[in-house]
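*Asks:* Mind folding the following:
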Amino acid sequence: MKHPGCLASIAVVVLLLLAFIGLQAPIEALFFMVTGWAFFLGRVAPDLSVSWPGVATAIAALAVFVVGLHLFAKWWVAAVRGSAEEHRSEWQWRWTVMATAAVVLSFVAGISVVGATHQLVWMATSEQPLAENSWKHLYWRIQSKENLKTIGLALHSYHDEHQRFPAGGTFDRLGRPLFGWQTALLPYVDQAELYERINLEVPWDAPENAEALATIVPAYTDSRMKPEQQLDSSGMALSRYAGNGLVLNAGPGLRLTSIKDGTSNTFLAGDVNAHFKPWGHPVNWRDPALGINHSPDGFGGPWEGGAHLLFADGAVRFVSENIDQQTLNALATPDGGEPVGDF
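*Replies:* Residues are numbered from 1 along each chain as shown. Coordinates of the predicted model:
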């Protein structure tokens, strides 16, 4: 049998290799599984209050239990040995303390097992949004981040080939809307065959494109949504990501050299949590001025606290919904020259 230390070393090496190739999800999941309790205590501790009468009652009850256990144990040992007077002092206080500790730990362990079992069953079967850092909630967060990383890589691959990012939306010479930026990225998110099925010369919602546009693209959605929730009323497959309206818009595709504010200070796209649009929609972008989690038409995550934003350098960051609006506006402009503070 291999030494536990060897197995631990192998596990660490595997996790590091996964991180080096960009698969950070296992490390993030392990981190929150180990430290999640600390984050939970940090959130709830400020709201806790101490009931001193209750504490006093608990201490008194514990003291009565300890004294009673000690006297009973001394009597029982003496009775078993047949001479109460001779052996009454053989039972030691430290044994009583140890026995009390064992009883208390058993009691706490029992409550913990029941609570953990109940919580696991609830997390596995609940259709409601789960508490922060629960495994299902964490999985959705990680999946959203990985999807945006995939979209970011696709945007840069598109840029490498065309020397610019795709336009947020394309229009024909009569001004009729054709397709959106996520359609242009299909060949770069492992959907080249789907891209070939689309007639780009006619509007996105033309009958001949209906079958292709009804295809659910994994990089544009998540497992939180049931299949029927991933289609709109006309059968078009939805996306839960939208572009930054100041970058991916109706204008010509932006070049990296045009992002004067810096690629790490300009975001391209992000999470949305309401009013989803099909991935083929030619106007699938949001106004950053609406904030994060403040409007169904703005950016927002399907969880409290903020949303993931994809930056022009390919990084995905979780940005708080309480970010200063001036800072968010600065992050949304590619060449505004505004100072960007902490976020």
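*Asks:* Give me the residue at the spatial middle of this protein.
*Replies:* The residue lying closest to the centre of the chain (CA atoms, centre = their mean) is residue 141, at 1.8 Å.
*Asks:* Ramachandran angles for residue 299?
*Replies:* Dihedral pair for residue 299: phi -80, psi 150, per degrees, to the nearest 10.
*Asks:* do the one 5 residues further on as well
*Replies:* The phi/psi pair for residue 304 (degrees, to the nearest 10) reads phi -80, psi 150.
*Asks:* which secondary structure elements does the helix or strand harbouring residue 141 contact?
*Replies:* Element membership of residue 141 [criterion: DSSP states H and E] is helix 135-162. Here helix 135-162 touches helix 25-44, helix 93-125, strand 241-244, strand 267-271, strand 306-311, strand 316-320, going by 3 or more CB pairs under 8 Å, 6 or more residues apart in numbering; DSSP states H and E. No exception for glycine: its C-beta is placed from N, CA and C like everyone else's.
*Asks:* Try it again at 7 Å.
*Replies:* Packing contacts for helix 135-162, counted by 3 or more CB pairs under 7 Å, 6 or more residues apart in numbering; DSSP states H and E, involve helix 25-44, strand 267-271, strand 306-311, strand 316-320.
*Asks:* quick one, that helix and strand 306-311 angle?
*Replies:* Here the directions of helix 135-162 and strand 306-311 differ by 20 degrees (axes from the mean of the first three to the mean of the last three CA atoms, to 10 degrees).
*Asks:* Between strand 316-320 and helix 135-162, find me the angle.
*Replies:* 130 degrees.
*Asks:* Parallel or antiparallel, list what pairs with the next helix or strand after helix 135-162.
*Replies:* Counting by DSSP H and E, the next helix or strand C-terminal to helix 135-162 is strand 169-171. Partners of strand 169-171 in the sheet, by DSSP bridges, are strand 177-180 (antiparallel).
*Asks:* Please compute how far the helix or strand just after the partner strand lies from its chain's middle.
*Replies:* Counting by DSSP H and E, the next helix or strand C-terminal to strand 177-180 is helix 181-184. Averaging C-alpha positions (CA atoms, centre = their mean, to the nearest Å) puts helix 181-184 25 Å from its chain's average.
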